[in-house]
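[1] Please work out how this folds:
(chains A and B)
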There are 2 protein chains.
Amino acid sequence: MTTVEAVKTFMEPRSIALVGVSRTTGEDSFNILENLLNYGFSGEVYPVNPGIDKILGLRSYPSVKDIPADIDLAVIASPRSTVLDLVKECAEKPVKGIVIVAQGFGDGDDAGSAMQTEILTIARKAGARIMGPNSLGTANSFYNLNTSFAPSKLDKVPVGIICQSGLFFPGPPRLILAGKAIDLGNACDIDVSDGIEYFETDPDIKLIVLYIEGIQKGRSFIEVAGRVSKQKPILVLKSGRGECGANAIQSHTGSLAGKDEIYDAVFRQCGVIRATDIEELADLSIAFSSLPLMKGRRIGIISMSGAGGVITADACERYNLEVAKLSAQTLAEVKRLFPPWLNISNPFDAWPAFQVSGYPYQEVMNRALKLLLADEGVDGVVLISGIFGKQDSWDVSPAVLQACNTFEDKPVVCWLYGKYIDVAAKLEESGKVAVFPSCERAVRALSRLREYAEFLERNP
Amino acid sequence: MTTVEAVKTFMEPRSIALVGVSRTTGEDSFNILENLLNYGFSGEVYPVNPGIDKILGLRSYPSVKDIPADIDLAVIASPRSTVLDLVKECAEKPVKGIVIVAQGFGDGDDAGSAMQTEILTIARKAGARIMGPNSLGTANSFYNLNTSFAPSKLDKVPVGIICQSGLFFPGPPRLILAGKAIDLGNACDIDVSDGIEYFETDPDIKLIVLYIEGIQKGRSFIEVAGRVSKQKPILVLKSGRGECGANAIQSHTGSLAGKDEIYDAVFRQCGVIRATDIEELADLSIAFSSLPLMKGRRIGIISMSGAGGVITADACERYNLEVAKLSAQTLAEVKRLFPPWLNISNPFDAWPAFQVSGYPYQEVMNRALKLLLADEGVDGVVLISGIFGKQDSWDVSPAVLQACNTFEDKPVVCWLYGKYIDVAAKLEESGKVAVFPSCERAVRALSRLREYAEFLERNP
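    Model (predicted):
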């Protein structure tokens, strides 16, 4: 089996044995079998539980070996003490892939670590691959698959997530919007590089997102991530930065956190974009899956509030971007829009223009946005607007989308406040504009887009 | 007039003249008179507009001088070109306080700056005080007052905000929850120190929040803020950190941004807590208005997800807090709750305890939280939980509130994910627990609580 074939066993299995599935069904039962059937999974599903005859109309088998069909994937969802024997049965069957859900292996005591080693030896001999232990398995919205106990469906978005935690699986609302997900758990066999290699050639996936606690095979990561990141952006949240986090990782996935500076250097070398925290990882997932990259660091700013413009200019400096100097032509055009006493500059303060120009608010925003996007000295735009009173008067979404459709090669990011939810949804649905919860986070996202563009320019 | 009396004119006026009020009323008209009447303002209100007889049943006067009653506050809401003459009339009337809404003074061209100086001279001679120009005035939820054109009411919360921007006025949802608000605008007369002095003795206000672009009277700020921050915490977002932001400030409020390092040093000396961005200012407003301070830097962590615990431990290190070492007694108690193979430590991974202990999920969270809060080596707790499926089974709010009511002297902050909104609302309504949008932001808030406690310890 190639790596891609191995991961495919977990992402697109034709037949699944659910080992240790319970008879309890219904809301809040977290029954994997029920979830799979409700999801409309189109492959074969075989419950395995020696104490049960039938579950949800399906015959249950005492052992995976009793199933009268080939099995691609076995999901072992029973307690730690039973896992070793069940893996042996899977190896004898044989199956191609095994998800082990239970905790208490490399993440637990010495006995658990020893069992994890033994499981891996058994699987290797039988040519089977392991996901986990301590893994919720996989989810694939393009295949109606979710092996986790959470009865949730991913959205069909072009983002693949590879993580060492169930934290990124359940939802909605999800921490990170993804269309395919792999929970490596302790990653004793299938690891992060395998997942990246799988997504490398996956036509459904344009962006790869990682949450990792430790990488054991550093060399293969450098090779794979360094290669793939030139085709598809890779984002990472790597925890265990300091001693406290590294200790906590020991009890979580048993990973060796390693020196954080080394990870930093490896990510930089490979063009992998490292997020500082969960919120940045979510922000960047949106930015990298919906926006064009920036050709330079020069930002145009349009704000309904003067303070919004000031704070955004501050953020540009903090995140190593520049407040664009506008061309003489742009300034002359803008002057027509603004009252004569206003110091015309970037950031544009849209409120006085609205008050004095006689244009409707949306018209002011649309004209200002197009002027900035047309300026060759501007590489991306931050637009700030509040929504108040009658929403129609303040709904900037048509104005923004019209401008963005005219200038498709520059990213536009928005910070909206007030009654912004419906307007933000309209912008986000377009898949062309990204909306962030603050102007600072909007600027940070643009900055990381530029960082990635510079990596690509250095590594053509 | 003392400073407090002067600001009181703007915060609790008995009579208001609305100069330049329009006849247009109804939704989206932003009519200050209509807003005030709808708000139930209990003082006298006098419209002033020479072209109009009556507005909303109230007689309109051609000039403020024609009003047959004493006027505390005049709100001048007409264009810049009319302001100078209107200020002269207010001075002749005389009135005690004047809000000037129009832009284009110190924030505009040279003519605007000259007018601002002239306005101030006229007001000083007449003993009147100026708020602005470029100000939305004031709002006071305890007095049914809002002089801004936004038809919104503040909530009766013990937070007073002093800002140089309308950005913090409108809503809901508001950027910062406040019960009283002062928009200084260009701050040519009433400035940030005056506002702080007013809130110093205000029994409704426990926390003071600032958004400032520049402070002209540095010495009075150091004196007033240094004194008041020993009684009531003061939070600040100061923009214009770098050159770009400082330039943008020139066109916004005409303030001199000044050297950022000097502001940093002044804030530190005065015990004023500086937020990095808008979101941190909002987070700290919640933390400082609802949580007890921390007696030390040692944090207990309970997480439904192992990764949540790891990321929180990382955040403790980033924000200069410690992951608490638990006492032998606590560890022994915890062991009873957890499966035997689990490396018991802080962070607590609540999921295996729930899976193995047989306790309901809420019981696990309640017991773990009480054990941590009872430990003398723990100064504050971060609790992380997801809400899925039937909400009742995962609603941790009664469990958390019961524990917090037993240990009232230690702060508990939460990060909730999944279908968290109702559970978060129940926790926040208690006024005893703060909920944040990520574990990192929860930890950051605790860190700033500790920073302020250390300032108080150094300045008893």
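
[2] CA atoms for contacts and neighbours, from now on please.
    Fine.

[3] Any regions of the stretch 151-300 of chain A where pLDDT drops low?
    Within the stretch 151-300 of chain A, the stretches with pLDDT under 70 are A:170-172.

[4] quick one, domains of chain A?
    Annotated domains of chain A cover A:3-287, A:292-458 [automatic domain parsing].

[5] How confident was the prediction at A:Gly104?
    The model reports A:Gly104 with a pLDDT of 91.

[6] hmm, back to that, dump the domains of chain A into a markdown table; add distance to chain B and mean neighbour count as well.
    Below are the domains of chain A laid out as a markdown table (distance: least, C-alpha to the nearest C-alpha, whole Å; neighbours: other C-alpha atoms under 10 Å in any protein chain shown):
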| stretch | distance to chain B | mean neighbour count |
| --- | --- | --- |
| domain A:3-287 | 5 | 21 |
| domain A:292-458 | 5 | 20 |
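
[7] now for those domains, which one comes closest to B:Glu376?
    domain A:3-287 (19.6 Å; C-alpha to C-alpha).

[8] could the domains of chain A be laid out in a markdown table, adding distance to B:Thr117?
    Shown next, in a markdown table, are these (distance: least, C-alpha to C-alpha, whole Å):
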| stretch | distance to B:Thr117 |
| --- | --- |
| domain A:3-287 | 45 |
| domain A:292-458 | 16 |
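
[9] what's the closest of the ones you listed to B:Asn405?
    Among those, domain A:3-287 comes nearest to B:Asn405, with 28.7 Å by C-alpha to C-alpha.

[10] Just give me how far that closest one sits from the chain centre.
    Distance, stretch centre to chain centre, for domain A:3-287: 15 Å (C-alpha atoms, centre = their mean, to the nearest Å).

[11] can you check stretch A:402-417 too?
    Per C-alpha atoms, centre = their mean, the centroid offset for stretch A:402-417 relative to its chain is 22 Å.

[12] mind listing what the host helix or strand of A:Ile162 pairs with, with the direction of each?
    According to DSSP states H and E, A:Ile162 maps onto strand A:159-163. Taking DSSP bridges as the criterion, strand A:159-163 sits next to strand A:180-183 (parallel), strand A:207-212 (parallel) in its sheet.

[13] Just the helices from the stretch 301-450 of chain A, written as ranges.
    Taking DSSP state H, counting those that start in this stretch, the helices of the stretch 301-450 of chain A run over residues A:306-318, A:328-335, A:350-357, A:361-374, A:391-394, A:397-406, A:421-429, A:439-458.

[14] picking that back up, quick one: the strand holding A:Ile162 to helix B:306-318, angle?
    80 degrees (axes from the mean of the first three to the mean of the last three C-alpha atoms, to 10 degrees).

[15] okay, the strands paired with strand A:159-163 in TSV with distance to B:Arg274 next?
    As requested, these are arranged in TSV below (distance: least, C-alpha to C-alpha, whole Å):
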stretch	distance to B:Arg274
strand A:180-183	39
strand A:207-212	31
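
[16] contacting residues for the residue nearest to A:Gln103 when sequence neighbours are not counted?
    Leaving aside its sequence neighbours, A:Gln103 sits nearest to A:Asn134 (C-alpha to C-alpha, 6 or more residues apart in numbering or on different chains; 4.6 Å). Residues near A:Asn134 by C-alpha atoms under 8 Å, 6 or more residues apart in numbering or on different chains: A:Ile100, A:Val101, A:Ala102, A:Gln103, A:Gly104, A:Phe105, A:Asp107, A:Leu184, A:Gly185, A:Asn186, A:Thr253.

[17] what's the answer for A:Gly51, then?
    A:Pro62.

[18] now do A:Ala315
    A:Ala315 neighbours (C-alpha under 8 Å, 6+ apart): A:Cys439, A:Glu440, A:Val443, A:Arg444.

[19] okay if I get these as CSV plus pLDDT?
    Listed next are the contacts of A:Ala315 as CSV, based on pLDDT from 0 to 100:
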residue, pLDDT
A:Cys439, 96
A:Glu440, 97
A:Val443, 98
A:Arg444, 98
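
[20] Look up phi and psi at A:Met294.
    phi -100, psi 140 (degrees, to the nearest 10).

[21] thought it was touching A:Tyr452?
    No: between A:Met294 and A:Tyr452 there is no contact under C-alpha atoms under 8 Å: 9.1 Å.

[22] out of the contacts of A:Ala315, which one sits closest to B:Leu371?
    A:Glu440 (38.5 Å).

[23] Let me see the contact set for A:Val7.
    With C-alpha under 8 Å, 6+ apart, A:Val7 has these contacts: A:Ile190, A:Asp194, A:Gly195, A:Tyr198.
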